[in-house]
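Student: Coordinates for the following, if possible.
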Amino acid sequence: MKTWSEVITFVILTISTFAFDSHQNPAHVTRFRKIPAEDVVFDGAVKDYISGSRTRCAMSCIPRTQCLSYSFQKSSGRCLVFNRRVIYGIQMTSATGFQHYWRVTDHCPTTQGFFILEGSCVKVYETQVTWQDAESTCETQGAHLFAGQTEREMYTAESVVNSRGSASRNYRFGAWDHDKNGTWFWVTGAKVTSSTWQSGAPNGSRSKICAETVTYSAKQITANKCSNLNPFVCHVILG
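Tutor: Residues are numbered from 1 along each chain as shown. Below is the predicted model of the structure:
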């Protein structure tokens, strides 16, 4: 149940964002979505200041066409604005009290090769690259490696690979054990659930810390070396 304060903040952000984006591109509306990353703060902000409220923090992100995410710490009123989508495990340090938001859109960029399948906006790349290069490529498209945080999304992933890729190949997905401690996260900061894994995976190897799909069963993932070359699937989160 949302509090009145949260409802009012959502309305203000939606109206303000709509007003800005409608002027720039009347066909699309941009919103923000909270990601589940916890107990971390991301480095490399293009703006770091005391905004006093999350609404003001978000408002400072709206006019910046290159702003892809922001973070807000309620206890201090600190606001961090980023020109990249903050990715769990990349350029971050431990910290408490921060909430992180991605800029999302209602538009799937089909002119860039993306397509909508079962509500997910995705693109399959057959080029074989490392996990890090795959994530970087997705980011240049305003996306990230596919993060199947629910059983439905994992079944969608299998449909994506079967319809636009090859079931006989292993595709890179956006999960990894960046701390090499056996705890796996999606790039959003959500923990990978046990039902997502192939039987017997992950096996605790400190050299195999990046995820890829299982051959002929893309609704499950397994662990492999980040340096291995694989095709991959990019995912745009729609608001």
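
Student: what lines up beside the longest strand belonging to the chain in the sheet?
Tutor: Looking across the chain with DSSP state E, the single longest strand is strand 120-129. Next to strand 120-129 in the sheet, as set by DSSP bridges, lie strand 115-117 (antiparallel), strand 230-236 (antiparallel).

Student: what comes up buried for that strand?
Tutor: 120-125, 129 (16 or more other C-beta atoms under 10 Å). Any C-beta I mention is one placed from the backbone N, CA and C, and that applies to glycine too.

Student: How far does stretch 119-135 sit from its chain's centre?
Tutor: Distance of stretch 119-135 from its chain centroid, counting by C-alpha atoms, centre = their mean, to the nearest Å, is 13 Å.

Student: so who does the closest residue to G148 other than its chain neighbours touch?
Tutor: Excluding the flanking residues, the one nearest G148 by C-beta to C-beta, 6 or more residues apart in numbering is M154, at 4.1 Å. Listed by C-beta atoms under 8 Å, 6 or more residues apart in numbering, the contact partners of M154 are 148, 196, 218-220.

Student: What strand or helix carries M154?
Tutor: For M154, the host element (DSSP states H and E) is helix 151-164.

Student: Could you list the alpha-carbon positions for that helix in CSV?
Tutor: Taking C-alpha atoms only, helix 151-164 is exported to CSV below (Å, rounded to 0.1, in the frame of the first residue of the first chain):
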residue,chain,number,x,y,z
GLU,A,151,9.4,-17.4,-14.0
ARG,A,152,7.3,-15.8,-16.7
GLU,A,153,10.2,-13.7,-17.9
MET,A,154,12.4,-16.8,-18.1
TYR,A,155,9.8,-18.5,-20.3
THR,A,156,9.7,-15.4,-22.4
ALA,A,157,13.5,-15.6,-22.8
GLU,A,158,13.2,-19.2,-24.1
SER,A,159,10.6,-18.0,-26.6
VAL,A,160,12.9,-15.1,-27.7
VAL,A,161,15.8,-17.5,-28.3
ASN,A,162,13.7,-20.0,-30.1
SER,A,163,12.0,-17.4,-32.4
ARG,A,164,14.9,-15.1,-33.1
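
Student: could you check the angle strand 230-236 makes with it?
Tutor: Note on geometry: by axes from the mean of the first three to the mean of the last three C-alpha atoms, to 10 degrees, helix 151-164 and strand 230-236 are set 120 degrees apart in direction.
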